[in-house]
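Novice: how does the following fold in three dimensions:
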Amino acid sequence: EVQLVESGGGLVQPGGSLRLSCAASGFTFSSSTMTWVRQAPGKESRWVATVDENGGSTAYADSVKGRFTISRDNAKNTMYLQMNSLKPEDTAVYFCVKGSQYTYPRDSWGQGTQVTVSS
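Specialist: Presented below is the predicted three-dimensional model:
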């Protein structure tokens, strides 16, 4: 059974940083493209970033490009999202997804971690 557990969310001031983690189990993590998705209150989920199986290729939504960095450690079965220069509009629940930016709506999701950017 696929299990994805996010952590690292919290309350941060605008301009601050957070690092999210996603611990994966129940599948071959090193063979899976992984993705971060976020959902703001009252809005649809939006793709944030994707990393390929070995971390060599990444892709970002325009809204986070240059501020967020996605990475992974296959030895630890863990994916990360380093978020810098956070803005109030980054406030959302962030989900870890086993899949790509093209398939994430129907892939396996974690339970999410709340990120709130506010002064």
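Novice: what's the lowest-mean-pLDDT helix or strand in the chain packed up against?
Specialist: Ranked by mean pLDDT, DSSP states H and E, the weakest helix or strand in the chain is strand 108-109, scoring a mean of 94. Secondary-structure packing of strand 108-109 (3 or more CB pairs under 8 Å, 6 or more residues apart in numbering; DSSP states H and E): strand 92-98. The C-beta positions use only the backbone N, C-alpha and C, and glycine is treated the same way.
Novice: gap between the least confident helix or strand of the chain and the chain center?
Specialist: Taking CA atoms, centre = their mean, to the nearest Å, one finds strand 108-109 lying 12 Å from the centre of the chain it belongs to.
Novice: residues in contact with it: which ones?
Specialist: In this structure, residues lying in contact with strand 108-109 by CB atoms under 8 Å, 6 or more residues apart in numbering are 2, 4, 37, 95-99.
Novice: next secondary structure element downstream of it?
Specialist: Downstream of strand 108-109, the first helix or strand assigned by DSSP states H and E is strand 113-117.
Novice: still on that earlier bit, buried among the contacts of strand 108-109? Make that a PyMOL selection.
Specialist: In PyMOL, this line selects whichever of those come out buried by 16 or more other CB atoms under 10 Å:
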select buried, resi 4+37+95+96+97+98+99
